[in-house]
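Student: generate a structure from the sequence data that follows.
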Amino acid sequence: MDCDTSVTPVACTYSCPSDQFFNSGGALTSTKKVTCNTATAEWSHMSASNPLGVLPSCSDKTDPTSYHLTAKIGLAGSDSCIDGLTAALQTALESSSDEAYNCMDNNQCAISGSAKCSSDSDGKLSLEFVVKQSGGDLKTSAIIDAFNTQLKTDAAAKTFTLTVGGKRRKTRATTLTADGTVVSTAESGCAAGSGTVGTSCIKCPAGEYEKDGVCTACAVNTYSDTVGSTKCIDCADSLKTITTGSDSVSDCLVTCTVKDVANGFRSPTIGYTVSEGTTLTTFCNSNYSLEYETTNKALCKTDTQPTCYKKCVIQSVDERATLQTTTLKAGSMLSYKEELKFTCSNKDKDMFNVQCAGAGNLYDISCPSKRI
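Tutor: A predicted model of the protein is given here:
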């Protein structure tokens, strides 16, 4: 990962090895930009579901085994659905002179299942159907993409027509014409263990499994440690994973929940589940502190996590008092259990002290009024 530490927050770019990718919002990509807030020790991609800020796993592309075009076209010419629409659709596509539909005529493409007709409250018809390409060149989506482009063009231009019936004596044919509305999406069909990303396929990386043609992160308390998995493995006994997408049995752990801290915050964030023993960093709000000389870093234990205490306030300072290391003044604050030692000009040989024994206490620094 390449980072620019000259900017705030620190900006980093995560990159996959050559020829590997990951799914980002339905598209294959090989890079991800993230930032790190050095003040809170948190990455921009950390969340309750990703408390450790795990970056996406990269994987290889694989060749599709098929392509699917899902389309919905608005039709005019009838105010209700009629029988025979699937056959009429098949005929219209096979008999078309447009080269983009040729795959229907040479058995490379076919309508998958039956076309579904629906009518809205205004009587507007729409026809939904799926065209599957399982033959021809499957290394690219060129055939199904051309089909999709032509279908959108014909539907938008209202030149796409279906003729239903009219073959029997004394029956009248019904002609339905596209009304200009069309929604269509092309996707790939992938082999077991690979997932669809648009018209591409990617091998499901460790930590994911293929479910209904999609690479899906393993659920909490499960893992997959091999590429191309079709199922995840349950953690043994009462062990748990911190988040989804675990890729090793070593991710099955005794866990710890980051607890709330009054008058402060933590990193990882409060409410996150992490492995027991993870280092937590606690930050206290202004006028609050941890116990004096206690580090703000501590291992996550379910029952013991650092607390923020209100600081003690020095209300007044005798002009004869001198602190050995700094200058005392009214309004100075002490951390909980912090001790201040001071001398008095009228008691040269004696050392005095004041300690913040109770959170938020108020103290006066005073010297004896008489020499002895």
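Student: okay, now the nearest residue to C218 once chain neighbours are set aside: neighbour count?
Tutor: For C218, ignoring the flanking residues on the chain, the nearest one in space by Cβ to Cβ, 6 or more residues apart in numbering is C232 at 3.8 Å. Bear in mind the C-beta positions are built from the backbone N, C-alpha and C, glycine included. C232: 23 surrounding residues under other Cβ atoms under 10 Å.
Student: was I right to think C232 contacts Y209?
Tutor: Yes: in terms of Cβ atoms under 8 Å, C232 counts as a neighbour of Y209; the distance is 5.3 Å.
Student: overlap in contacts of these two?
Tutor: 218, 224 (Cβ atoms under 8 Å, 6 or more residues apart in numbering).
Student: was I right to think C356 contacts V313?
Tutor: No: C356 lies out of contact with V313 (Cβ under 8 Å); the separation is 9.2 Å.
Student: give the residues shared as contacts by the two.
Tutor: In contact with both C356 and V313: 334, 363, using Cβ under 8 Å, 6+ apart.
Student: got the contact list for the residue nearest to C218?
Tutor: Going by Cβ under 8 Å, 6+ apart, the list of residues near C232 reads 209, 218-219, 222-224.
Student: give me the pLDDT value at it.
Tutor: pLDDT for C232: 97.
Student: please report the distance of it from S224.
Tutor: For C232, the distance to S224 equals 5 Å [Cβ to Cβ, to the nearest Å].
Student: overlap in contacts of those two?
Tutor: Shared contacts of C232 and S224 (Cβ under 8 Å, 6+ apart): 209, 218.
Student: output the longest strand seen in the chain as CSV, nothing but the C-alphas.
Tutor: Scanning the chain for the longest strand, with DSSP state E as the assignment, gives strand 174-189. The C-alpha atoms that make up strand 174-189 are tabulated as CSV, following Å, rounded to 0.1, in the frame of the first residue of the first chain:
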residue,chain,number,x,y,z
THR,A,174,-52.7,-8.6,-32.4
THR,A,175,-49.7,-6.4,-33.0
LEU,A,176,-47.9,-5.0,-30.0
THR,A,177,-45.3,-2.3,-30.5
ALA,A,178,-42.6,-1.1,-28.1
ASP,A,179,-43.8,2.1,-26.5
GLY,A,180,-40.2,3.5,-26.1
THR,A,181,-39.6,2.4,-22.5
VAL,A,182,-37.0,-0.3,-22.0
VAL,A,183,-34.7,-1.5,-19.1
SER,A,184,-32.1,-4.2,-19.8
THR,A,185,-29.0,-5.5,-18.1
ALA,A,186,-26.4,-8.0,-19.3
GLU,A,187,-24.7,-10.3,-16.8
SER,A,188,-22.4,-13.2,-16.9
GLY,A,189,-23.1,-16.8,-15.8
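Student: strand partners (parallel or antiparallel) of that strand?
Tutor: The strands beside strand 174-189 in its sheet (DSSP bridges) come out as strand 66-76 (antiparallel), strand 161-164 (antiparallel).
Student: which one of the ones you listed is the most hemmed in?
Tutor: Of all the strands paired with strand 174-189, strand 66-76 has the most neighbours on average by mean count of other Cβ atoms under 10 Å, namely a mean of 20.
Student: report the distance from it to the chain centre.
Tutor: 30 Å (Cα atoms, centre = their mean, to the nearest Å).
Student: same check, this time on stretch 20-40
Tutor: Mean-position distance between stretch 20-40 and its chain equals 10 Å (Cα atoms, centre = their mean).
Student: going forward, begin numbering at 22 instead of 1
Tutor: Taking 22 as the first residue, the last one we looked at is stretch 41-61.
Student: endpoints of it, how far apart?
Tutor: Using Cα to Cα, to the nearest Å, one end of stretch 41-61 lies 32 Å from the other.
Student: what comes up buried for that stretch?
Tutor: Neighbour counts using 16 or more other Cβ atoms under 10 Å place 41-44, 49, 53, 55-57 of stretch 41-61 among the buried residues.
Student: what ranges does the stretch 172-321 of the chain have for its strands?
Tutor: 182-185, 195-210, 215-218, 221-224, 229-232, 235-238, 243-244, 254-255, 276-278, 285-288, 294-296, 300-305, 309-310, 318-320 (DSSP state E, counting those that start in this stretch).
Student: adding distance to S80, write those strands out as TSV.
Tutor: Shown next, in TSV, are the strands of the stretch 172-321 of the chain (distance: least, Cβ to Cβ, whole Å):
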stretch	distance to S80
strand 182-185	42
strand 195-210	15
strand 215-218	9
strand 221-224	5
strand 229-232	9
strand 235-238	8
strand 243-244	16
strand 254-255	19
strand 276-278	27
strand 285-288	30
strand 294-296	25
strand 300-305	31
strand 309-310	47
strand 318-320	34
